[in-house]
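K.L.:
Sequence and computational prediction follow.
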Amino acid sequence: MTSKFKGYTLGVIAAATYGMNPLFTLPLYKEGMDPNSVLFFRYLMALPIVAVMIKARRRDFCVNPRQLLPLSVLGLLMGLSSLALFVSYNYMEASIASTMLFVYPIMVALIMAVVYHEKLTLQTVICLTMAIAGIILLYNGNGNATLSAAGTAWVMVSSLSYSIYIVGVNRSELKNLPTIKLTFYILLAGFMIFAVKAAISGHLAVPHTTAMWAEALALAALPTAVSLICTTVAIQYIGSTATAILGVFEPVTAVIFGVLVFDEVLTAKDTAGLLLILVAVTLVVSGSNIHRPLMAVRKMFPKAVRKRL
């Protein structure tokens, strides 16, 4: 298995697990928990999971003092991205906010092109366009819903924070830090945001049933610990731009769970959106080798040889 194949596989796993967020979050909301409380327990319960993984690999928790600042910054960016997205839900439908969030692959591509002079190829532009078009087709919001300026601003803050995080993981002094250790300190720094916010507000809703604790644990394990670790490793293997584009599998996962778990109907529009996303991801994974299958198809239809009279 090549490193690129590992990167693409982990990128898809990261996106798919992150797409499970609504599956575990919505039941907690129905029980009366607010966004900050959900995020507090999400990060808090993810920390021991990652800590056990560190000890299982017989690694320590030591980091270079010079790495503390970038670790704190990345953790704050991840926490800010989560918090800003949840705040936006107070101003607009969650489905609209979640759809708008996926401008982050474009932001990542632009940051890499402008700041790090990474070549923005035609293939990347095509992939981004197809992926965004697919996400728009998957959107099933209320036709009467309107965009809020405040809500839009919060979603953009979330997207930008996450974009800078994706770029920063692979472009800082943390590049050679073991992935699990990196994840632990990012979660710890992010957790501090919600802990401070809870302390200032004086409010923290605690899960009060076994089912709620199970949902909080699942939220901490899959969309948080597993997704974050897979994202970090994928970035190391295939880069920030490709990993960001693979993130479009997140709404695909949401659609699949909607059909399988919540008995939602897969419409023709949904199918078209899924196909566009799958083609975009296929182009990303194919990379510079995309010309090979195209040439193979071209050879199936040779030009007719004109006979000279």
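P.N.:
Received it, and whenever you're ready, just let me know what you need.

K.L.:
which residue ranges form the helices in the stretch 151-300 of the chain?
P.N.:
Along the stretch 151-300 of the chain, counting by DSSP state H, counting those that start in this stretch, helices occupy 179-201, 210-220, 227-238, 240-246, 249-260, 268-286, 291-299.

K.L.:
Ok, which of those helices comes nearest Cys127?
P.N.:
Set against Cys127 and scored by Cβ to Cβ, the helices of the stretch 151-300 of the chain come closest in helix 268-286, at 4.6 Å. Where C-beta positions appear, they are placed from N, C-alpha and C, glycine not excepted.

K.L.:
Buried residues in the closest one, which are they?
P.N.:
For helix 268-286, burial by neighbour count (16 or more other Cβ atoms under 10 Å) applies to 270, 273-274, 276-278, 280-281, 283-285.

K.L.:
can you put the residues you listed in JSON lines and add distance to Val12 and pLDDT?
P.N.:
Output for those, formatted as JSON lines (distance: Cβ to Cβ, whole Å; pLDDT from 0 to 100):
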{"residue": "Asp270", "distance to Val12": "19", "pLDDT": "77"}
{"residue": "Gly273", "distance to Val12": "17", "pLDDT": "80"}
{"residue": "Leu274", "distance to Val12": "14", "pLDDT": "78"}
{"residue": "Leu276", "distance to Val12": "16", "pLDDT": "84"}
{"residue": "Ile277", "distance to Val12": "11", "pLDDT": "78"}
{"residue": "Leu278", "distance to Val12": "11", "pLDDT": "76"}
{"residue": "Ala280", "distance to Val12": "13", "pLDDT": "78"}
{"residue": "Val281", "distance to Val12": "8", "pLDDT": "71"}
{"residue": "Leu283", "distance to Val12": "14", "pLDDT": "74"}
{"residue": "Val284", "distance to Val12": "10", "pLDDT": "69"}
{"residue": "Val285", "distance to Val12": "9", "pLDDT": "62"}
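
K.L.:
Including distance to Tyr162, could these go into TSV?
P.N.:
Shown next, in TSV, are those (distance: Cβ to Cβ, whole Å):
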residue	distance to Tyr162
Asp270	25
Gly273	22
Leu274	23
Leu276	22
Ile277	19
Leu278	23
Ala280	19
Val281	19
Leu283	22
Val284	18
Val285	22
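
K.L.:
Among these, which one lies nearest to Pro70?
P.N.:
Within the buried residues of helix 268-286, the smallest distance to Pro70 is 27.4 Å, found for Val284 (Cβ to Cβ).
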